[in-house]
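In: here is a sequence together with a model predicted from it:
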Amino acid sequence: MPYFIKIPVLQVVSSIGEILQAYEYGFMEQKLFPTTLAGALIFISIISNVTFCPTWVGR
């Protein structure tokens, strides 16, 4: 009998195309990297059904 283990996965995205593709595949939680280069506020305001885990890269 096979065993199934649920392992949480956080999809990493860096563009609006990747966000939409991950959303189509069912990833409702996504890691946006890097937010300083990607314009995180625009992405977060466009898609309200997706929860983002932003990563800030900066000084």
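Out: Yep, it's here.
In: now do the strands in the chain.
Out: 11-13, 29-32, 51-54 (DSSP state E).
In: what mean pLDDT does the last one have?
Out: Averaging pLDDT along strand 51-54 yields 73.
In: same thing with the second one?
Out: If you average the pLDDT over strand 29-32, you get 84.
In: and the gap between S48 and M28?
Out: 11 Å (Cβ to Cβ, to the nearest Å). C-beta: built from backbone N, CA, C; applies to glycine.
In: I meant to write Y3 there.
Out: In terms of Cβ to Cβ, Y3 sits 25 Å off from M28.
In: the more surrounded of the two?
Out: M28 (10 against 4; other Cβ atoms under 10 Å).
In: is it true that the more buried one touches F52?
Out: No - applying Cβ atoms under 8 Å, one finds M28 not in contact with F52, separated by 10.3 Å.
In: check what pLDDT Y25 gets.
Out: pLDDT, Y25: 91.
In: let me see the contact set for it.
Out: Neighbour list for Y25: Q11 [criterion: Cβ atoms under 8 Å, 6 or more residues apart in numbering].
In: quick check: it vs L32, distance?
Out: 16 Å.
In: before we move on, what about Q11?
Out: 10 Å.
In: so these two - more neighbours on which side?
Out: L32 (22 against 19).
In: surely the more buried one is in contact with S14?
Out: Yes - counting by Cβ under 8 Å, L32 does reach S14; the two are 7.1 Å apart.
In: nearest residue to F52 other than its sequence neighbours?
Out: L32 (4.9 Å; Cβ to Cβ, 6 or more residues apart in numbering).
In: helices of this protein, start to end?
Out: Under the criterion DSSP state H, the chain contains helices at 16-24, 35-38, 40-46.
In: and the pLDDT at T35?
Out: At T35, pLDDT is 62.
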